[in-house]
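> Need coordinates for the following:
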Amino acid sequence: MSVKTVAIIGCGIGRLHMIEGYLPHPDKFRVQAICDLNEERLNEFGNEFGIASRTTSFEDVLTDETIDIIDICTPPGIHLEQVIAALAAGKHVICEKPLTGSLAGVDKIIEAEKRARGVLMPIFQYRYGDGIEKAKRIIEAGIAGKPYVGSVETFWLRKPEYYSVPWRGKWATELGGVLVTHALHLHDMLLHLLGPVSKVFGRVATRVNDIEVEDCASASLLMQNGAFVSLACTLGSQEQISRLRLHFENVTFESSHEPYTPGKDPWKIIAANEAVQSQIDEVIGNWQPVSPRFTTQMAHFHAHLNGAAPLPVTTKDARRALELVTAIYQSADTGREISLPIGPESPKYADWRANTR
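I've put the predicted structure just below:
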């Protein structure tokens, strides 16, 4: 098993990648270089984790032939250009969410991937943990049966000091608000468990903070499998919770309410009867614990790079989540239900900010 060398670009969320994603896997990864425009933060990070190679130049990392993986943890507004540059440099790439700020941008990345030697893995770390992975196994085994309805709640709190960071709260640099930066995690979990969306009606508003982007949103979804799902999210909740509740013919699932680790147990898995419970016990009775978040996603990525597993999160997964964002924005603008899939014919395809009224 080969150890892959990593350069982390951005020492903010990059610190969590280090602690949860790389330090637990010394046999799989070695963080060899770090890059950040803030030299004080760069040196604090380097000193804490003993990383000698430090630079403020992204170009230096691109041309470093000793680096296998570039892990992009920078503000969202520059993800697109950095991902394309890293792929063109022949690197494997990891990129924090949101991958980019439009479906046109995602499709541009997909085209760049076709020409690249390396592979790209977007980050959706909430997919990993005992709770969500048990639910996924039960659904895929056919035990849950027909999906009926569901609800997804992202009730977080962000106060003015959060937006004192210059790039936050602005369309040009954060690319969106609660839908793009916060609820995207939970919405990806929904799509991961329940599949693609067919129709969307949504509303967005800025009610909590004095910012450009939305901090409250709600949506009604019709899934391709016929299920109805309601989404609600705000950055003004005095108690922070993340919650999925999905009702199937034979099973009801309810996630942990922890805001930043909803994939972990305890999940409620409520069987319709003893016969269904016996089937569930057979499928997950000998469950082996799964580490949550970045720890498992990075392990799966390493397995993929060694030809032992599929890519855990793909650009198409990221596109599906951002397509939902696009549909909610378009519906909120027009007051109409939006049908998916969304392509270049949509007025929001190239830019979410395009006025579609």
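> got the CA positions of the one helix or strand in the chain whose mean pLDDT sits lowest in CSV?
Using mean pLDDT, DSSP states H and E, the weakest-scoring helix or strand in the chain turns out to be helix 171-174, at a mean of 95. What follows is helix 171-174, C-alpha atoms only, in CSV (Å, rounded to 0.1, in the frame of the first residue of the first chain):
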residue,chain,number,x,y,z
TRP,A,171,-22.0,36.3,-3.6
ALA,A,172,-18.6,36.8,-5.4
THR,A,173,-16.6,34.9,-2.8
GLU,A,174,-18.9,32.6,-0.8
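> same for it, what does it pack against?
Helix 171-174 makes packing contacts with no helix or strand when contacts are defined by 3 or more CB pairs under 8 Å, 6 or more residues apart in numbering; DSSP states H and E. Every C-beta, even on glycine, is put in place using the N, C-alpha and C of the backbone.
> contacting residues around that helix?
With contact meaning CB atoms under 8 Å, 6 or more residues apart in numbering, helix 171-174 is reached by P75, P76, G77, P166, W167, R168, V180, T181, E212, V213, W352, R353.
> which of those count as buried?
P75, P76, G77, R168, V180, T181, E212, V213, W352, R353 (16 or more other CB atoms under 10 Å).
> Please identify which of the residues you listed is nearest to I8.
Within the buried ones among the contacts of helix 171-174, the smallest distance to I8 is 14.5 Å, found for P75 (CB to CB).
> Report the two of the contacts of helix 171-174 separated the most.
The widest separation within these (CB to CB) is 20.6 Å, between P166 and W352.
> can you give me the strands for the stretch 251-357 of the chain?
Applying DSSP state E, counting those that start in this stretch to the stretch 251-357 of the chain gives strands spanning 251-254, 268-271, 338-339.
> for the protein, which strand is longest?
strand 236-248 (DSSP state E).
> buried set for that one?
Going by neighbour count (16+ other CB under 10 Å), the buried part of strand 236-248 is S237, S242, R243, L244, R245, L246, H247, F248.
> Same question for stretch 90-106.
Buried-residue list, stretch 90-106, by 16+ other CB under 10 Å: 91-106.
> shaky segments in the stretch 51-200 of the chain?
Along the stretch 51-200 of the chain, no part satisfies pLDDT under 70.
> residue ranges for the helices of it, please.
Taking DSSP state H, counting those that start in this stretch as the criterion, the stretch 51-200 of the chain carries its helices at 58-62, 79-88, 103-115, 130-140, 171-174, 184-194.
> What does R293 show for phi and psi?
Dihedral angles phi and psi of R293 (degrees, to the nearest 10) take the values phi 60, psi -140.
> Check the gap between the residue nearest to it when sequence neighbours are not counted and T206 for me.
Of all residues not flanking R293 in the chain, Q125 sits nearest, at 4.1 Å (CB to CB, 6 or more residues apart in numbering). Q125 sits 27 Å away from T206, going by CB to CB, to the nearest Å.
> higher neighbour count, these two?
Q125 (26 against 16; other CB atoms under 10 Å).
> want to throw the buried ones among the contacts of helix 171-174 into a markdown table with distance to S339?
As requested, the buried ones among the contacts of helix 171-174 are exported to a markdown table (distance: CB to CB, whole Å):
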| residue | distance to S339 |
| --- | --- |
| P75 | 32 |
| P76 | 27 |
| G77 | 29 |
| R168 | 32 |
| V180 | 21 |
| T181 | 26 |
| E212 | 28 |
| V213 | 25 |
| W352 | 18 |
| R353 | 21 |
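> which ones are touching G169?
G169 neighbours (CB under 8 Å, 6+ apart): Y163, G177, N209, I211, E212, V213.
> show me the contacts for the fifth one.
Right, E212. Here E212 is in contact with G169, K170, W171, T206 (CB under 8 Å, 6+ apart).
> give me that answer again for 6 Å
Applying CB atoms under 6 Å, 6 or more residues apart in numbering to E212 gives the contacts K170, W171.
> Give me the distance between the residue most central in space within the chain and V106.
Closest to where the C-alpha atoms of the chain average out (CA atoms, centre = their mean) is F124, at 3.1 Å. Distance, F124 to V106, using CB to CB: 14 Å.
> cool, and V6?
24 Å.
> cool, G77 as well?
Counting by CB to CB, the separation of G77 from V106 is 15 Å.
> Around E140, how many other residues sit close by?
E140: 11 neighbours (other CB under 10 Å).
> Nearest residue to L231 in space, please, no chain neighbours.
That would be A219: by CB to CB, 6+ apart, it lies 4.4 Å from L231.
> Repeat that for G101.
Take G101 and drop its neighbours on the chain: the residue closest to it by CB to CB, 6+ apart is L175, 3.6 Å away.
> Look up how far R127 lies from that neighbour.
Distance, L175 to R127, by CB to CB: 21 Å.
> Same question for E59.
E59 is 33 Å from R127, by CB to CB.
> L184 now?
Relative to R127, L184 is positioned 12 Å away (CB to CB).
> ditto for D215
From D215 to R127 the distance is 25 Å (CB to CB).
> low-scoring stretches of the stretch 251-357 of the chain, by residue?
Applying pLDDT under 70 to the stretch 251-357 of the chain picks out residues 355-357.
> I'd like to check which residues are in contact with Q240.
Here Q240 is in contact with W156, L157, P259 (CB under 6 Å, 6+ apart).
> from those residues, which would you call buried?
Counted by 16+ other CB under 10 Å, the contacts of Q240 give W156, P259 as buried.
> Which residue is the nearest non-sequential neighbour of K136?
Leaving aside its chain neighbours, K136 sits nearest to L193 (6.1 Å; criterion: CB to CB, 6+ apart).
> I'm done for today, thanks for sticking with me.
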